[in-house]
Each structure stands twice: as structure tokens, then as C-alpha cells.
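# one predicted model, sequence on top.
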Amino acid sequence: MNTNKIALSLLCLFAIAGCSTVKLPDISSNSVEGIESYVKDWPLLTEKIEHLSYSELHQKCGSQKPKGAEQAKIFGCSEINLVNKTCTIFLPNNYESWALAHEKEHCKGGDHDNIIQDYYNKWIIYNNQKKTN
């Protein structure tokens, strides 16, 4: 398998998850809780929301909690696929409105812990390699 196919496979398998955890938002601020920065030149993604039972949500999102929040309760997560330009938000049936707002910001390039920035950088490198081959 050539390196481009390997890179594409890794990009397709790599799911970015920004997890909403137990920390509640500061409603006096215009910013969304937990979003520290935004990725420059982030593409427009098609959003989709899926509702899961709490055990399904834990299975889907549990391993992708933000640094320092490994023991926190999961309120939702986002799976971003830059190749397909999609962002799937996973929430429990009885989700909190701030959790939806947080996950929607991930779909817009909102980041914490540089998780989304790192994925975006890998995607840019992949696209540049693809253009030169």
C-alpha cells in the first residue's frame, strides 16, 4: 500500500472528538465553555446530530476526553471527518443545551488541547502530498 493510501486510511479512521464534560458554562460570557481557540481556515462542515443512550455515548466518546478530565462525566462528543467535510455530534437523549453548543463549536473549528488543530495540520499535509503526486 503506498503512503498516500496509508495517510488517507489514517485520516478516515481518525475521529476527532471534543468531549463536553462536567464543567458547566460561564453564562455571563459570550464564549462557549471549554473552547480555547479556533483553527484558522477551518472548512465548512455538514453537521449531523445523533442521539445515543448513555452507555452508547460512553462507548463512543469515553476514550476521547480532554486532558485532565479523564474521570469526568461525558455529555457529548464530535466526530470530524475533513475528507468528507462532515461533523457528527453525539449526544444523549436528554442532552444539556450547553453541551450541544460546545460540540457545534468543534464543528466550526473550536478547539481545546490542540486536538483539532493537530488533526487539521495532518489533513493539510495529506492534501499537499496528494497534490504533488
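Right, received. Where do you want to start? Numbering: from 1, shown residues only.
# strands of this protein, start to end?
37-38, 46-52, 77-81, 86-92, 110-111 (DSSP state E).
# need the winner for burial among the ones you listed.
Highest mean neighbour count of these: strand 77-81, a mean of 25 (counted as mean count of other Cβ atoms under 10 Å). For the C-beta atoms, the positions are set from N, CA and C on the backbone; glycine is no exception.
# please compute how far that one lies from its chain's middle.
4 Å (Cα atoms, centre = their mean, to the nearest Å).
# and what of stretch 78-89?
Using Cα atoms, centre = their mean, the offset of stretch 78-89 from its chain centre is 8 Å.
# returning to what we had before: compare the strands of the chain and give me the one nearest W123.
strand 77-81 (9.6 Å; Cβ to Cβ).
# the bottom helix or strand of the chain by mean pLDDT?
helix 3-13 (a mean of 36; mean pLDDT, DSSP states H and E).
# so, low pLDDT: which residues of this structure?
For the chain, residues meeting the criterion pLDDT under 70 lie at 1-30, 65-71.
# next up, the contacts around K40.
With contact set as Cβ atoms under 8 Å, 6 or more residues apart in numbering, K40 has no partners.
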